[in-house]
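Participant: predicted model and sequence follow; I will ask about them next.
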Amino acid sequence: MFYTISKLVVEDYEKFKSDWDASLELRKMGGQKSFAIYQTIEDPNTIVLFMGWNAEDVAKMFMESPLLQDFLKGAGVKDYETWFANESEKGEL
(Lines give C-alpha, C1' and ligand atoms only; values in the text may rest on other atoms or scores of the structure.)
Protein backbone atom coordinates (compact mmCIF):
# COMPACT_ATOMS: atom_id res chain seq x y z
CA MET A 1 0.00 0.00 0.00
CA PHE A 2 1.15 3.51 -0.79
CA TYR A 3 0.21 6.52 1.34
CA THR A 4 -0.01 10.26 1.21
CA ILE A 5 0.37 12.10 4.49
CA SER A 6 -0.85 15.68 4.45
CA LYS A 7 -0.88 18.47 7.00
CA LEU A 8 -3.69 20.92 6.27
CA VAL A 9 -4.73 24.17 7.90
CA VAL A 10 -8.43 24.78 7.28
CA GLU A 11 -10.63 27.78 7.95
CA ASP A 12 -13.31 25.70 9.67
CA TYR A 13 -12.99 21.97 10.36
CA GLU A 14 -16.75 21.34 10.30
CA LYS A 15 -17.04 22.86 6.81
CA PHE A 16 -13.99 20.93 5.63
CA LYS A 17 -15.40 17.66 7.01
CA SER A 18 -18.77 18.26 5.37
CA ASP A 19 -17.09 18.91 2.01
CA TRP A 20 -14.79 15.91 2.56
CA ASP A 21 -17.76 13.62 3.13
CA ALA A 22 -19.49 15.00 0.04
CA SER A 23 -16.38 14.29 -2.07
CA LEU A 24 -16.50 10.51 -1.59
CA GLU A 25 -17.18 9.72 -5.25
CA LEU A 26 -14.47 12.11 -6.44
CA ARG A 27 -11.96 10.47 -4.11
CA LYS A 28 -13.01 6.96 -5.19
CA MET A 29 -12.69 7.93 -8.87
CA GLY A 30 -9.24 9.32 -8.08
CA GLY A 31 -8.15 5.95 -6.70
CA GLN A 32 -8.21 6.61 -2.96
CA LYS A 33 -8.65 3.36 -0.98
CA SER A 34 -8.62 4.50 2.65
CA PHE A 35 -8.20 7.55 4.86
CA ALA A 36 -7.81 8.71 8.44
CA ILE A 37 -8.18 12.30 9.66
CA TYR A 38 -6.54 13.55 12.85
CA GLN A 39 -7.09 16.97 14.42
CA THR A 40 -4.22 18.45 16.39
CA ILE A 41 -4.89 19.08 20.06
CA GLU A 42 -3.53 22.63 19.88
CA ASP A 43 -5.73 23.70 16.96
CA PRO A 44 -8.67 21.63 15.67
CA ASN A 45 -8.40 23.47 12.33
CA THR A 46 -4.95 21.93 11.78
CA ILE A 47 -5.37 18.38 10.59
CA VAL A 48 -3.21 15.47 9.50
CA LEU A 49 -4.70 13.35 6.74
CA PHE A 50 -3.52 9.85 5.83
CA MET A 51 -4.79 8.48 2.51
CA GLY A 52 -4.11 4.98 1.17
CA TRP A 53 -3.63 4.18 -2.51
CA ASN A 54 -2.79 1.08 -4.54
CA ALA A 55 0.11 2.76 -6.35
CA GLU A 56 2.35 5.81 -6.19
CA ASP A 57 1.52 7.03 -9.71
CA VAL A 58 -2.22 6.98 -8.94
CA ALA A 59 -1.70 9.01 -5.77
CA LYS A 60 0.53 11.57 -7.48
CA MET A 61 -1.87 11.98 -10.38
CA PHE A 62 -4.77 12.65 -8.01
CA MET A 63 -2.79 14.95 -5.71
CA GLU A 64 -1.73 17.08 -8.70
CA SER A 65 -5.16 17.14 -10.36
CA PRO A 66 -7.13 20.36 -10.91
CA LEU A 67 -10.15 18.63 -9.34
CA LEU A 68 -8.31 18.26 -6.05
CA GLN A 69 -7.04 21.83 -6.19
CA ASP A 70 -10.63 23.06 -6.71
CA PHE A 71 -11.82 20.91 -3.80
CA LEU A 72 -9.13 22.28 -1.47
CA LYS A 73 -10.05 25.89 -2.29
CA GLY A 74 -13.77 25.25 -1.89
CA ALA A 75 -13.30 23.37 1.40
CA GLY A 76 -11.47 26.29 2.98
CA VAL A 77 -7.97 24.82 3.02
CA LYS A 78 -5.63 27.74 3.75
CA ASP A 79 -2.35 25.86 3.60
CA TYR A 80 -1.18 22.28 3.10
CA GLU A 81 1.88 20.13 2.67
CA THR A 82 1.92 16.53 1.42
CA TRP A 83 4.44 13.71 1.70
CA PHE A 84 4.41 10.47 -0.31
CA ALA A 85 5.32 7.28 1.57
CA ASN A 86 5.50 3.52 1.19
CA GLU A 87 4.31 1.45 4.14
CA SER A 88 7.41 -0.23 5.48
CA GLU A 89 6.03 -1.70 8.68
CA LYS A 90 2.77 -1.85 10.59
CA GLY A 91 1.86 -3.46 13.90
CA GLU A 92 -0.26 -3.48 16.99
CA LEU A 93 0.84 -3.97 20.58
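Facilitator: Sure, I can see it. Numbering: from 1, shown residues only.
Participant: what ranges do the strands span in this protein?
Facilitator: In the chain, strands defined by DSSP state E lie at 2-10, 32-39, 46-53, 77-86, listed in chain order.
Participant: separation between the closest residue in space to residue 40 that isn't next to it in sequence and residue 16?
Facilitator: Once flanking residues are discounted, residue 40 sits nearest to residue 46: 4.5 Å by C-beta to C-beta, 6 or more residues apart in numbering. Using the backbone N, CA and C atoms, a C-beta is placed for each residue, glycine as well. Note on residue 46: its distance to residue 16, by C-beta to C-beta, to the nearest Å, is 11 Å.
Participant: neighbour count: the two, which is higher?
Facilitator: Between residue 46 and residue 16, residue 16 has the larger neighbour count (other C-beta atoms under 10 Å), namely 21 against 17.
Participant: any idea how far residue 77 is from that one?
Facilitator: Residue 16 is 7 Å from residue 77, by C-beta to C-beta.
Participant: same question, residue 91
Facilitator: 32 Å.
Participant: which of the two has more neighbours?
Facilitator: Shown here are residue 91 and residue 77; by other C-beta under 10 Å, residue 77 has more neighbours (18 against 4).
Participant: which residues do residue 16 and residue 77 both contact?
Facilitator: Shared contacts of residue 16 and residue 77 (C-beta atoms under 8 Å, 6 or more residues apart in numbering): 8, 10.
Participant: contacting residues for the most centrally placed residue in the chain?
Facilitator: Nearest to the mean C-alpha position of the chain, counting by C-alpha atoms, centre = their mean, stands residue 49 at 4.6 Å. Residue 49 sits next to 4-8, 35-38 when contact means C-beta under 8 Å, 6+ apart.
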